[in-house]
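J.: take this sequence and fold it.
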Amino acid sequence: MKLIQIAAPDFDLEKTLNSGQVFHWEKVGTGFCGTIGESAVYVAQLGNVLQTKMEGGVVRRRARHQLFRKVPRPMTAATAGSRQLAPPSVARVVTRYFALDHPLEEICSSFPRDPIMNAARDFCRGLRIIRQPKWECLATFICSSMKQVKHIRHISRALRQRFGEKKQIGGDEIFSFPSSGRLARTSESELRKCGLGYRARNLLETAKLVASGEADLDSWSALSDRQLREQLCELPGVGMKVANCVMLFAYERIAAFPIDVWIERVLREKYFVGRRKVTGQMLADFAANYFGAHGGYAQQYLFHHVRMTGKRKSRSPSINQFH
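T.: Below is the predicted model of the structure:
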């Protein structure tokens, strides 16, 4: 498989893909296989360069082969210069998806200077907020309610293999995320076979709204943050946390600050130390004011740091001068 190159300074591919914002990419050798929209993609990182290959074709459903059976040979430092540069179309798609145009240094410099945020910023250096397809992101986070990352990955894989289209990348097979129309034509019982439980009904009803055009996800891009959040929260299975995730990861509303159990714990233990009565609205208001215009990035760095370090009771000092 011929690999092409895309410049990717100040970027960490593995951290970005494993940070809990997207759930379908699979490790293959030194790179990852996944989809960007309807296209199958292989991508690996060598220093400040991404090595990538993209295929858009669908393969017929023949006898099933092992997923990602063949691993593309990675580029080495010695051969990197001899590979072709990315054609504009591939470069544009990959660059946009991984948000390589985001001014990451400027974003990180805007974070509050406190011990907790400083530790998260250092730990997550190079992590970027992916620009995900709107329906795929919405559906995935509807499935994420009360689930750990590994469980969300299992659900995503099951939905793709059962209802998605089989693609080919360098001789290997991968599945796209099923369209809203495809899921709207299935049943709750079939969706439950993918491990969704009670979430199956919410996903099915939302798929019907999106497929019919009643919920026009693309047109919602023109809405204000408040209007967009309200529209999302009217969909089955979408509450404040899921709405903020979709705003951040699909609509590029970088100020959106999702608060899940990990982030709530960080905020309560580090920024509201000693306060017994702390409501969800108090946390949301504090996050909006304290983390500011790039709060979504700050949230993702805090989330990935606390999840990876696995310390429920960090020894880092608390921030209590604000309360």
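J.: now do the phi/psi pair for the closest residue to G34 other than its chain neighbours.
T.: Counting by CB to CB, 6 or more residues apart in numbering, W25 is the residue found nearest to G34 once chain neighbours are left out, at 3.8 Å. C-beta: built from backbone N, CA, C; applies to glycine. Note on W25: its backbone torsions stand at phi -70, psi 140 [degrees, to the nearest 10].
J.: how many residues are close by W25?
T.: For W25, the neighbour count with other CB atoms under 10 Å is 22.
J.: repeat for A255
T.: 19.
J.: for it, give me its contacts.
T.: Applying CB atoms under 8 Å, 6 or more residues apart in numbering to A255 gives the contacts D225, A288, G292, A293, H294, G295, G296.
J.: for Y290, see how far away it is.
T.: Separation of A255 from Y290 (CB to CB, to the nearest Å): 12 Å.
J.: helices along this protein, start to end?
T.: Ranges of helices in the chain, per DSSP state H, are 13-17, 88-97, 104-109, 115-123, 134-142, 149-163, 180-184, 188-192, 199-212, 225-233, 240-249, 261-266, 280-291, 295-309.
J.: tell me which of these lies nearest to D218.
T.: Closest to D218 of the helices of the chain, according to CB to CB: helix 134-142, at 6.8 Å.
J.: the closest one to helix 225-233, inter-axis angle?
T.: Orientation note: helix 134-142 sits at an angle of 70 degrees relative to helix 225-233 (axes from the mean of the first three to the mean of the last three CA atoms, to 10 degrees).
J.: elements contacting helix 134-142?
T.: Helix 134-142 sits against helix 149-163, helix 180-184, helix 199-212, helix 240-249, with contacts defined as 3 or more CB pairs under 8 Å, 6 or more residues apart in numbering; DSSP states H and E.
J.: what number of residues lie near V266?
T.: 21.
J.: who's in contact with it?
T.: I116, L302, V306.
J.: could the residues you listed go into a markdown table alongside distance to G237 and pLDDT?
T.: Formatted as a markdown table, the contacts of V266 follow (distance: CB to CB, whole Å; pLDDT from 0 to 100):
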| residue | distance to G237 | pLDDT |
| --- | --- | --- |
| I116 | 31 | 95 |
| L302 | 25 | 97 |
| V306 | 25 | 94 |
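J.: which of these has the most neighbours?
T.: Once you tally neighbours by other CB under 10 Å, L302 ends up highest among the contacts of V266, having 26 neighbours.
J.: surely it touches R265?
T.: No: with contact defined as CB atoms under 8 Å, L302 and R265 do not form a contacting pair (10.2 Å).
J.: strands of the stretch 1-150 of the chain, start to end?
T.: Applying DSSP state E, counting those that start in this stretch to the stretch 1-150 of the chain gives strands spanning 4-7, 26-28, 31-36, 39-46, 49-55.
J.: neighbouring strands of the longest one in the sheet, and parallel or not?
T.: It refers to strand 39-46. For strand 39-46, sheet partners with direction are given as strand 31-36 (antiparallel), strand 49-55 (antiparallel), following DSSP bridges.
J.: low-confidence ranges in the stretch 201-323 of the chain?
T.: Within the stretch 201-323 of the chain, the ranges that satisfy pLDDT under 70 run 311-323.
J.: now for the nearest residue to M308 once chain neighbours are set aside, how many residues are close by?
T.: Excluding the flanking residues, the one nearest M308 by CB to CB, 6+ apart is F123, at 7.2 Å. Residue crowding around F123 was assessed by other CB under 10 Å; the count is 16.
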